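Colleague: Structure here, sequence nowhere to be found:
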Ligand SMILES: [Zn+2]
Ligand SMILES: [Zn+2]
């Protein structure tokens, strides 16, 4: 089968890999769609990618949907022909964290499963554990189902932050996670959502996703105060991972408010502790999603209770994966979520 493998810094190649039957307890999928994640891009742009050093699988791709084409011995809950959303981090199911329903913190570290320690879905086929396969209802759209994983990340951020729909919510950054945070907040019943984003095209996308306002970062303080009788937002989510994004959350958040850190930064940077103390801010750092949240997210999309289609900007065939990475790396502002599909 064809797959896109990362061979070095900014060096991705189409390779031919052997076709294997699924092992016991595993299911094999014909990949339908697989999204390119910001973390995939970081790895691609890294001077020393883990994939090229043999520390992780060279084939990335952890945001995927597919059709089941074979099941291994012992698989009971998944059948050939079904459409599934793949959970790349379903947890081992046995450690104390998994027993507590916090699979994102699994001792086995399996959040980085498919597309990390296991071959990913920028390929024609992918094999996953039965536990990782979320069977979707008949008629589910496989294209939108590929956004289940980042949508689950966005929902987990709001849930961990204790978001309540009456609150004023500030989202810093309108990349895919920021946009999906807006969609998730709307699905929870929220309407008072303001997004800060320097790029005009992304601001327009945020408004299409349901943001009340999308503004330049410099305007954020004034807009959030104007919408809250001068207080600021009760909760803000940083979906940028950039010092400027977090600073705009600090600026826009009310005294006693909460800041959720959902964007992964490249470098450590200083935080204004004094200001955080004076305003008694609560910071919550979030990682991934629980298995239950992943399943809920899959169903919200599959049953069309949310529309994630405004986040998708393009679908390309597997052969065009290296080109899509190169274009995203050059002008990531204008592209949103790019999906790779063997059938494109
Ligand atoms: Zn991702
Ligand atoms: Zn575990």
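Modeller: Everything's here; your move. Everything quoted here is computed from the prediction, not taken from an experiment. Ligands and ions are numbered 1, 2, ... in the order given.
Colleague: can you pull the contacts of the residue lying closest to residue 92 once chain neighbours are set aside?
Modeller: Distance criterion C-beta to C-beta, 6 or more residues apart in numbering; nearest residue to residue 92, sequence neighbours excluded, is residue 108 at 4.1 Å. (C-beta placed from N, C-alpha, C; glycine too.) By C-beta atoms under 8 Å, 6 or more residues apart in numbering, the contact list for residue 108 reads 91-92, 95.
Colleague: Same question for residue 131.
Modeller: 87, 90-91, 93 are the contacts of residue 131 under C-beta under 8 Å, 6+ apart.
Colleague: These in helices, which ones?
Modeller: If you go by DSSP state H, the contacts of residue 131 have nothing in helices.
Colleague: Tell me where the stretch 101-250 of the chain has helices.
Modeller: Assigned by DSSP state H, counting those that start in this stretch, the stretch 101-250 of the chain shows helices spanning 142-145, 148-160, 176-187, 200-208, 220-226, 243-252.
Colleague: possible to save those helices as CSV with mean neighbour count?
Modeller: Below are these laid out as CSV (neighbours: other C-beta atoms under 10 Å):
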stretch, mean neighbour count
helix 142-145, 21
helix 148-160, 26
helix 176-187, 27
helix 200-208, 18
helix 220-226, 19
helix 243-252, 22
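Colleague: Select, out of those helices, the one closest to ligand 2.
Modeller: Taking C-beta to the ion, helix 148-160 is the member of the helices of the stretch 101-250 of the chain nearest to ligand 2, at 16.7 Å.
Colleague: Next, the residues that contact that closest one from outside, please.
Modeller: 35, 37, 62-65, 85-88, 104, 134, 176-177, 180-181, 183-185, 188, 237, 239, 260, 262, 284, 286, 288-290, 293-294, 296-298, 300-301, 306, 308, 337.
Colleague: the inter-axis angle of that helix versus helix 176-187?
Modeller: Interaxial angle, helix 148-160 versus helix 176-187 (axes from the mean of the first three to the mean of the last three C-alpha atoms, to 10 degrees): 60 degrees.
Colleague: what does the stretch 101-250 of the chain have sitting close to ligand 2?
Modeller: Counting by C-beta under 5 Å from the ion, the stretch 101-250 of the chain comes close to ligand 2 at residue 106.
Colleague: What ranges in the stretch 101-250 of the chain fall below the confidence cut-off?
Modeller: 110-112 (pLDDT under 70).
Colleague: and the residue of it nearest ligand 2?
Modeller: For the stretch 101-250 of the chain, C-beta to the ion, closest residue to ligand 2: residue 106, 3.3 Å.
Colleague: Quick check: that residue touching residue 92?
Modeller: Yes - counting by C-beta atoms under 8 Å, residue 106 touches residue 92, with 5.5 Å between them.
Colleague: Identify the contacts common to the two.
Modeller: With C-beta under 8 Å, 6+ apart as the test, residue 106 and residue 92 both reach residue 98.
Colleague: More neighbours: these two, which one.
Modeller: Legend: neighbour count by other C-beta atoms under 10 Å for residue 106 and residue 92, higher for residue 106 (22 against 16).
Colleague: That one and residue 131, how far apart?
Modeller: Residue 106 sits 11 Å away from residue 131 when distances are taken as C-beta to C-beta, to the nearest Å.
Colleague: Mind listing the shared neighbours of the two?
Modeller: The contact lists of residue 106 and residue 131 share residue 91, where a contact means C-beta under 8 Å, 6+ apart.
Colleague: And the closest residue to residue 71 other than its chain neighbours, which helix or strand is it part of?
Modeller: In space, and not counting its chain neighbours, residue 71 is closest to residue 27: 5.0 Å by C-beta to C-beta, 6+ apart. Here residue 27, judged by DSSP states H and E, is contained in strand 26-35.
Colleague: what angle separates that strand from helix 148-160?
Modeller: Counting by the same axes, to 10 degrees, strand 26-35 lies at 80 degrees to helix 148-160.
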